[in-house]
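Engineer: Just the structure for this:
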Amino acid sequence: MGQIDNTRIKSCMRRAQDGEELTIGFFGGSITQGCLASVHEKSYAKRVYDWWQETFPQADFHYVNGGIGGTTSHFGVSRVVQDLLMYQPDMVFVDFSVNDREEEIFKETYEGLIRRILGWQTRPAVLILNNVYYDTGRNVQTYHNEVADWYHVPHVSMKDTLYQRMKEGLYTQEELTEDGLHPNDKGHGLVASEIIARLEEIRKELPQKNREEAPLPEPLTKNAYEHARRLTIREASPELQGFRADTREKEGHLDLFKNGWIGRKPGDRIVFETEASCIGVQYRKTIRRPALRSELVLDGDREHTFILDGNFEADWGDLAELEPVLQHGERKRHRIEIKVLDDQLKTAAPFYLMSFIIA
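Structural biologist: Numbers count the residues shown, from 1 in each chain. Got it, this is the predicted structure:
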C-alpha cells in the first residue's frame, strides 16, 4: 500500500477547530443512503456526521447525503456534481464497494469518480469506505483500494474488520444485518465506529505540521470517465417515434424514475446521437412484471444488438440498470436507436429509459 496522505483531512479538522463553516458529504449506494437503519439518525453516515459536530462544537457543519440504493460508480461519476459537489463539500466519504463488480470498467469509473471529487474546486478531503456482503464476504475493495492507494487516500474496510470479527464469533450475522448485506442499527453503529476510529487516529496527529498538498498523479487507468456526463430530458432532445418525454417533476436525488423517456407499446422508437468514446444506457428494471423489453442498435450494427430487459427478478424494488454499449470506442458522432419489442403482453409495464451516460 502506498503512503497515505491525510493532509486534506487534517486541514478540515484544523478549520473545524477554528470554528469555520464546513460541509460533510457522503456518496454511495443503499448503505450510505441508510437502508435498514430504523431511522436515518442511526445510519452510519449520520453517526459519522454527528462525530464531527460533537468533536468540533465551535464549527458550523452542513450534511449532504448522496447515497442511492442499487447504483454503481458508473452512475455515480455521472451524477456526482448534481448530487454532491455542487454543495461544495469539504470532506467526502465514498462507498460503492458492494455495488461495483470486479471488472476493469468499474476500476476506471471509480477512478474517474475519485479524481472528480479530489479535483473539485473546494479540494475536499476523501475517505474511502469498503462495505461487505456479510453472508459471502464479497466486495470489490481490491479494485477500489488500488485506486485509493494510487491517490494516497485513506480507506476503511468492513471486510478486514467487522466481517472478520463476525467470522471469529464476536458477532453473529443476524446481530449485524437482516439480509446479509445492509447493516441494522447495531451494524450501522459498528460501521460508523470503524470510520470514527480512523478519524480519531488522524486527529491525534494534528499537532504535527502538514506538508504541502501534492498534485494528483497521472491516472491509473485510461480514465475516460472523470468528466462523464448524464443526459436526461433536461440535457438531450432525441428523436421520438412513439416514446414520450416524462412530464412529471423530479423531487430530490432519490426520485430516480423521472426526467426520462417512456415507451408504452411495441414499436415505439427513440433515436439519439452524440459524440463520445464511451456510452452507457440507463433504464428501469421493474418488479411490476411483466415489463416491456427493448432492443438497442448502435451505429446501425444490427448483428450485434443489445437487449434491454425491463423485468427485474428481485423483489426489493425497481433498479436503475446501467448498460455499457460502447467502451473506449472511436470518438465520433454515434447513433443509438432503441425500439420496444413486441414479445410482451399489452398489459406489460412501460419501458422507462432514464438517461444516456457519455464520456
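
Engineer: Please name the residues that touch Gln3.
Structural biologist: Residues in contact with Gln3 (Cβ atoms under 8 Å, 6 or more residues apart in numbering) are His152. All C-beta atoms are positioned from the backbone trio N, CA, C, and that covers glycine.

Engineer: Remind me what the top helix by length along the chain packs against, helices and strands.
Structural biologist: In the chain, taking DSSP state H as the definition, the longest helix is helix 185-204. On a contact count with 3 or more Cβ pairs under 8 Å, 6 or more residues apart in numbering; DSSP states H and E, helix 185-204 meets helix 7-17, helix 44-55, strand 125-130, strand 155-157, helix 162-167, helix 173-176.

Engineer: Where does the prediction get shaky in the stretch 101-250 of the chain?
Structural biologist: Across the stretch 101-250 of the chain, residues meeting the criterion (pLDDT under 70) sit at 207-211.

Engineer: let's see 90
Structural biologist: Applying pLDDT under 90 to the stretch 101-250 of the chain flags residues 205-215.

Engineer: same question, the stretch 251-359 of the chain
Structural biologist: Those would be 342-347, if you go by pLDDT under 90 across the stretch 251-359 of the chain.

Engineer: need the strands for it, in chain order.
Structural biologist: 261-263, 269-276, 279-285, 293-298, 306-309, 319-326, 332-340, 351-358 (DSSP state E, counting those that start in this stretch).

Engineer: Glu213 is nearest to which of the ones you listed?
Structural biologist: Minimum separation from Glu213 across those (Cβ to Cβ) falls at strand 351-358, 30.6 Å.

Engineer: just so I know, which of the strands of the stretch 251-359 of the chain lies nearest Leu176?
Structural biologist: Closest to Leu176 of the strands of the stretch 251-359 of the chain is strand 319-326 (Cβ to Cβ; 24.3 Å).

Engineer: Just say which of the strands of the stretch 251-359 of the chain is most tucked in.
Structural biologist: Highest mean neighbour count among the strands of the stretch 251-359 of the chain (mean count of other Cβ atoms under 10 Å): strand 351-358, with a mean of 25.

Engineer: Quick check: which of the helices and strands packed on helix 185-204 is buried the most?
Structural biologist: Highest mean neighbour count among the helices and strands packed on helix 185-204 (mean count of other Cβ under 10 Å): strand 125-130, with a mean of 24.

Engineer: Packing partners of the helix or strand following that one?
Structural biologist: Per DSSP states H and E, strand 125-130 leads on to helix 141-150 as the next helix or strand towards the C-terminus. The elements that helix 141-150 packs onto, with contact taken as 3+ Cβ pairs under 8 Å, 6+ apart, are helix 104-118, strand 125-130, strand 155-157.

Engineer: re the thing from before, buried residues in the longest helix of the chain?
Structural biologist: Using 16 or more other Cβ atoms under 10 Å as the test for burial, helix 185-204 gives 187-196, 198-199, 202-203.

Engineer: could you dump it to PDB, C-alpha only?
Structural biologist: C-alpha atoms of helix 185-204 as PDB (Å, rounded to 0.1, in the frame of the first residue of the first chain):
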ATOM      1  CA  ASP A 185     -29.000  -0.200  13.700                       C
ATOM      2  CA  LYS A 186     -26.200  -2.100  15.500                       C
ATOM      3  CA  GLY A 187     -24.400  -2.800  12.300                       C
ATOM      4  CA  HIS A 188     -24.600   0.800  11.100                       C
ATOM      5  CA  GLY A 189     -23.200   1.800  14.600                       C
ATOM      6  CA  LEU A 190     -20.300  -0.500  14.200                       C
ATOM      7  CA  VAL A 191     -19.500   0.700  10.700                       C
ATOM      8  CA  ALA A 192     -19.500   4.300  12.000                       C
ATOM      9  CA  SER A 193     -17.200   3.200  14.900                       C
ATOM     10  CA  GLU A 194     -14.600   1.900  12.400                       C
ATOM     11  CA  ILE A 195     -14.700   5.200  10.400                       C
ATOM     12  CA  ILE A 196     -14.600   7.300  13.600                       C
ATOM     13  CA  ALA A 197     -11.600   5.300  14.900                       C
ATOM     14  CA  ARG A 198      -9.700   6.200  11.800                       C
ATOM     15  CA  LEU A 199     -10.700   9.900  12.100                       C
ATOM     16  CA  GLU A 200      -9.600   9.900  15.800                       C
ATOM     17  CA  GLU A 201      -6.200   8.500  14.700                       C
ATOM     18  CA  ILE A 202      -5.800  11.300  12.300                       C
ATOM     19  CA  ARG A 203      -6.900  13.900  14.800                       C
ATOM     20  CA  LYS A 204      -4.200  12.800  17.200                       C
END
